[in-house]
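In: A structural model of the following input is requested.
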Amino acid sequence: MNPEQLSSAIVDVLTRLADEGALTLADGVPSTVTVERPRQKGHGDYATNVAMQLARRTLIGGQGTSPRALAELVAARLAEADGVAGVEIAGPGFLNITVASGAQGKVALDILASGERYGGNDAFAGERVNLEFVSANPTGPIHLGGTRWAAVGDALGRVFTMSGADVTREYYFNDHGAQIDRFARSLLASAQGRPAPEDGYGGQYIHDIAAAVAAAEPGVLALPDDEAQERFRALGVEMMFEEIKQTLHDFGVDFDVYFHENNLHESGAVKHAIDRLTELGNTYEKDGAIWLASERFGDDKDRVIIKSDGQGAYLSGDLAYYLDKRERGFDRCIIMLGADHHGYVGRMMAMCAAFGDKPGENLELLIGQMVNLVKDGEPVRMSKRAGTVITLDDLVTAIGKDAARYALARYSSDSNIDIDLDLWTKAESANPVYYVQYVHARVSSILRNAADLGLEPGDHVELLDHEKEGELLRALAEFPRVVARAAQLREPHRVARYLEETAGIYHRFYDNCRVLPRGDEEPTDLHGARLALVAATRIVFANGLDLLGVSAPERM
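Out: Now for the predicted structure:
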């Protein structure tokens, strides 16, 4: 019996009590109640504070009641439910629930039946989610900030998908604006053997791309500078972006849509968005410019969207892009931005409201904080290729793809993190990704050895009544709820922390419960039941690592 099944059992109890007139709930019977693992041993397998939550709006015998009195009423009925071994009332009205060993052991069989689907839930069933992340300008390799969003964004997309959402991963290709001109001038200067412009880009990658453009068009340097610069712009941006896409692909991150900013300005999408806002009465003209009346929607001031010279202001592209996403049918648009974009949030939320949408629901902005690399206790600051920044390729070269993805996804994205290169390359339990992957390799080894002995997981899971077996079963049963919570809070790091906690629980089980028979010992039903528990553990770790985009090795 897992927490969701217990929650349903409690809802059934409340429903029957209400139908019988034993109690009256002012707001009706809730559709679900919270069931959690207790923090202290001796408080049962699961606990709920449902009586404390409902007592104030519950009548018993037409009179108000206390949490403890309601708990007593619910406990008496819940104790009769299939799979429940006992219910105790603690403190002012907590219910501590002990599950029958057979019902608890069935968790392992449920996991084996679900396989790679285990962990799936319907928290976002039916929702179309547009998840925009990385979106680095095509003027250089992906730096550490973009790398963090690559790992976190892809993991969040996987978590959303497992929670029932229809997810589209989108990359906003910023190919319009001054930074592209600086990139083109930097390439041309390199090809001509001149220093980079004062406001340009440096690093070995500029020389590499400049040489590649010159090789692709041998006569390009014979053109007038303005024509040559345009060719370096067109080809250089294409080459840089192809390199970015390949780097992300090698990192295990692929996008469903690559959206070109330039298309917004060439397709009339900007005018369409402004026309829509004007119809809604949320624009006005002043000093020859068109303004968005964003202050009325919570922004700190109104914003220019079309300048007095007729050119679109920066926000105009955001207006068009957001409306385009909504008109493509997305219910929820989530944009992941870097640490320097805090000032951007107010105007974007005001824009969302100006279109008649709900900020925080139709549009969400997630801000990621800085990432630093540390080696031998000292910060690592320079890239061999990019010069002034550390890149995705630098991180992967230093610690490997799996460690890089796990390290970046392991922490809340709104916190700064230091990645210790020495720690994340160690093949020992102090390295979190090694610690988690080792569990999968260890259980895989046990299952291979069992197969060599002709043993298979059995179904006598009622025999799993050891304390450590129960702890592991309860931990495995939590996985779907962890996934749903990670999606609801936009926090895929919860999956990583869950895996680490469950790894410790597994090791304690393994140390206390012999899984395979020794020597000439005859296999028993208990061995088969424990093999089922081990096989279920492998599924949970494989599925959890997959959500983080990290491999689940069979051997280490």
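In: where along the stretch 1-150 of the chain do the helices fall?
Out: In the stretch 1-150 of the chain, the helices defined using DSSP state H, counting those that start in this stretch lie at 3-19, 50-54, 67-78, 101-114, 144-162.
In: ok, R276 - how many residues close by?
Out: 18 (other Cβ atoms under 10 Å). To be clear about C-beta, it is placed using only N, CA and C from the backbone, and glycine gets the same treatment.
In: hmm, back to that, need the winner for burial among the helices of the stretch 1-150 of the chain.
Out: Counting by mean count of other Cβ atoms under 10 Å, helix 144-162 has the highest mean neighbour count of the helices of the stretch 1-150 of the chain, with a mean of 26.
In: sorry, back to before: would you list the helices of the stretch 1-150 of the chain in JSON lines and tack on mean pLDDT?
Out: Listed next are the helices of the stretch 1-150 of the chain as JSON lines, based on pLDDT from 0 to 100:
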{"stretch": "helix 3-19", "mean pLDDT": "93"}
{"stretch": "helix 50-54", "mean pLDDT": "93"}
{"stretch": "helix 67-78", "mean pLDDT": "94"}
{"stretch": "helix 101-114", "mean pLDDT": "92"}
{"stretch": "helix 144-162", "mean pLDDT": "96"}
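In: need those helices in a markdown table with distance to A486, can you?
Out: Formatted as a markdown table, the helices of the stretch 1-150 of the chain follow (distance: least, Cβ to Cβ, whole Å):
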| stretch | distance to A486 |
| --- | --- |
| helix 3-19 | 16 |
| helix 50-54 | 24 |
| helix 67-78 | 29 |
| helix 101-114 | 18 |
| helix 144-162 | 5 |
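In: center of this structure - which residue?
Out: L156 (2.2 Å; Cα atoms, centre = their mean).
In: that one reaches E132, doesn't it?
Out: No. Applying Cβ atoms under 8 Å, one finds L156 not in contact with E132, separated by 11.3 Å.
In: show me the shaky parts of this structure.
Out: Scanning the chain for pLDDT under 70 picks out 176, 384.
In: residue farthest from the centroid of the chain?
Out: Outermost residue of the chain (Cα atoms, centre = their mean): A222, 50.0 Å.
In: nearest residue to the residue nearest to the centre of the chain in space, please, no chain neighbours.
Out: P492 (5.1 Å; Cβ to Cβ, 6 or more residues apart in numbering).
In: so who does that neighbour touch?
Out: Neighbouring residues of P492 by Cβ atoms under 8 Å, 6 or more residues apart in numbering: V152, A155, L156, R158, V159, A409, A486, L547, L548.
In: quick one: the host helix or strand of E500 to chain centroid distance?
Out: Assigned by DSSP states H and E, E500 falls within helix 493-512. Put simply, helix 493-512 sits 20 Å off its chain's centre (Cα atoms, centre = their mean, to the nearest Å).
In: tell me the helix or strand right after it.
Out: helix 525-547.
In: angle of that following helix against helix 493-512?
Out: Angle, helix 525-547 to helix 493-512, by axes from the mean of the first three to the mean of the last three Cα atoms, to 10 degrees: 160 degrees.
In: chain center to helix 525-547: distance?
Out: 23 Å.
In: got it, and stretch 286-304?
Out: Counting by Cα atoms, centre = their mean, stretch 286-304 comes out at 34 Å from the chain centroid.
In: residues in contact with it: which ones?
Out: 274, 277, 282-285, 305-308, 313, 315, 319, 346-347, 349-351, 353-354, 359.
In: in the stretch 151-300 of the chain, what residue spans correspond to helices?
Out: Secondary structure of the stretch 151-300 of the chain, counting by DSSP H, counting those that start in this stretch: helices at 178-191, 204-216, 225-250, 261-266, 269-279.
In: identify, out of these, the most deeply packed stretch.
Out: Highest mean neighbour count among those (mean count of other Cβ under 10 Å): helix 178-191, a mean of 21.
In: send the alpha carbons of it over as PDB?
Out: Written as PDB, here are the backbone C-alpha positions of helix 178-191 (Å, rounded to 0.1, in the frame of the first residue of the first chain):
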ATOM      1  CA  ALA A 178      23.500  44.600 -32.000                       C
ATOM      2  CA  GLN A 179      25.200  41.600 -30.500                       C
ATOM      3  CA  ILE A 180      25.100  39.800 -33.800                       C
ATOM      4  CA  ASP A 181      26.700  42.800 -35.500                       C
ATOM      5  CA  ARG A 182      29.500  42.800 -32.900                       C
ATOM      6  CA  PHE A 183      30.000  39.100 -33.500                       C
ATOM      7  CA  ALA A 184      30.200  39.600 -37.300                       C
ATOM      8  CA  ARG A 185      32.700  42.500 -36.900                       C
ATOM      9  CA  SER A 186      34.800  40.300 -34.600                       C
ATOM     10  CA  LEU A 187      34.900  37.500 -37.100                       C
ATOM     11  CA  LEU A 188      35.900  39.800 -39.900                       C
ATOM     12  CA  ALA A 189      38.600  41.400 -37.800                       C
ATOM     13  CA  SER A 190      40.100  38.000 -37.000                       C
ATOM     14  CA  ALA A 191      40.100  36.900 -40.600                       C
END
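In: quick one: contacts for V74?
Out: Counted by Cβ under 8 Å, 6+ apart, V74 has contacts I10, V13, L14, L17, V50, A51, L95.
In: and which of those residues is nearest G28?
Out: Relative to G28, the closest of the contacts of V74 is L14; by Cβ to Cβ it sits at 9.6 Å.
In: and the spatially closest residue to the closest one that is not a sequence neighbour, how many residues sit next to it?
Out: If the residues on either side of it in the chain are set aside, L14 comes closest to V29, at 4.8 Å by Cβ to Cβ, 6+ apart. By other Cβ under 10 Å, 18 other residues sit near V29.
In: residues contacting V29?
Out: Here V29 is in contact with V11, L14, T15, A18 (criterion: Cβ under 8 Å, 6+ apart).
In: so the second one makes contact with A22?
Out: No. In this structure, L14 is not within contact of A22 by Cβ under 8 Å, at 9.9 Å.
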